[in-house]
Each structure stands twice: as C-alpha cells, then as structure tokens.
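Undergrad: Sequence unavailable; structure follows:
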C-alpha cells in the first residue's frame, strides 16, 4: 500500500487519538493516552520522534518514540498503531523503519518497548522486525 510517512503535526492529533482509542493493544486496564495529551504532543513531545502514515489524505497509522528514555542513547517506542483495516500491508514496518532511521540519526543506539503477552500477533510483529524479548515484567500503576 502506498503511504506517505511524515512527522506528526498539530492538526494530526484528532486522527491519531482516534487510532489510539480503537487499538486494543495500547490500552492498559482501560487507560490510554487522553485526547488532551495527544492534542499537546506538538509541544510536550516536540523533541521526540512521532511519525504518521497517510494514505489518500487519511492517517492510517503512527509511531511515537521518546528519546533518551530510560537512559542517554536509548529510545522508548511507546506507541505504534495502524488502523485495523490497514494492518498486514506493511505500514507498521514502514513506520518502524523510518522511526529507527531518525532515532539513529539523532544519536540513539538502542530502542526498547513493552508488549503485552496477550497479543501474540503484536509480539510476532516486533520479533519479525528484529526485537527480542528480555523478560516478563509487571507494569504497575496507581491513579493519584
């Protein structure tokens, strides 16, 4: 599928948020990024790598990575999502490849992420793209 990969723009926020809301793999116990948070990414995450994939003027996927997280030279990929009807067409791979090239150009030498065990297709995607599992861990949170 022909897509255009480009940096996230302020005007992309609503389409990206809609993808976040429909992507089950990104929800943790009913929590996800808020619309307000995504609307402010152009400011709050201006130094991060956030890319969108557009097909026919519609955003069909995106990837977001935090630089120097958890340590200098490391990037944390906190989101990669492709609309359900566009999965399996290479869009996620294209987003990941572009993201990795930008991360490398910005001095990152390591990329990590978390994958939930109940999504084997997601784990398979990351493994096919060269990521390796380290260990199982428990992510804990508390509303304050």
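TA: Noted; the coordinates are in hand. Owing to the predicted nature of the structure, the values given are computational and were not obtained by experimental measurement.
Undergrad: residue ranges with poor pLDDT in this structure?
TA: 27-32, 134-143 (pLDDT under 70).
Undergrad: Repeat the analysis, applying 80 as the threshold.
TA: 1, 24-32, 116-117, 133-144 (pLDDT under 80).
Undergrad: Show me the strands in it, by range?
TA: 4-7, 49-55, 58-67, 74-82, 110-112 (DSSP state E).
Undergrad: Output those strands as JSON lines; include the columns distance to residue 39 and mean neighbour count.
TA: Every C-beta, even on glycine, is put in place using the N, C-alpha and C of the backbone. Putting the strands of the chain into JSON lines (distance: least, CB to CB, whole Å; neighbours: other CB atoms under 10 Å) gives the following:
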{"stretch": "strand 4-7", "distance to residue 39": "16", "mean neighbour count": "14"}
{"stretch": "strand 49-55", "distance to residue 39": "13", "mean neighbour count": "21"}
{"stretch": "strand 58-67", "distance to residue 39": "14", "mean neighbour count": "22"}
{"stretch": "strand 74-82", "distance to residue 39": "15", "mean neighbour count": "21"}
{"stretch": "strand 110-112", "distance to residue 39": "26", "mean neighbour count": "14"}
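Undergrad: So which of those strands is nearest residue 120?
TA: Among the strands of the chain, the nearest to residue 120 by CB to CB is strand 74-82 (16.0 Å).
Undergrad: which residues sit against that closest one?
TA: 19-20, 23, 25-26, 33, 49, 53, 60-70, 91-92, 95-96, 99, 103, 108-113 (CB atoms under 8 Å, 6 or more residues apart in numbering).
Undergrad: on that earlier part again, of the strands of the chain, give the one that comes closest to residue 130.
TA: The nearest among the strands of the chain, by CB to CB, is strand 110-112 at 9.7 Å.
Undergrad: What pairs with the closest one, parallel or antiparallel?
TA: Take DSSP bridges as the rule and strand 110-112 pairs in its sheet with strand 74-82 (parallel).
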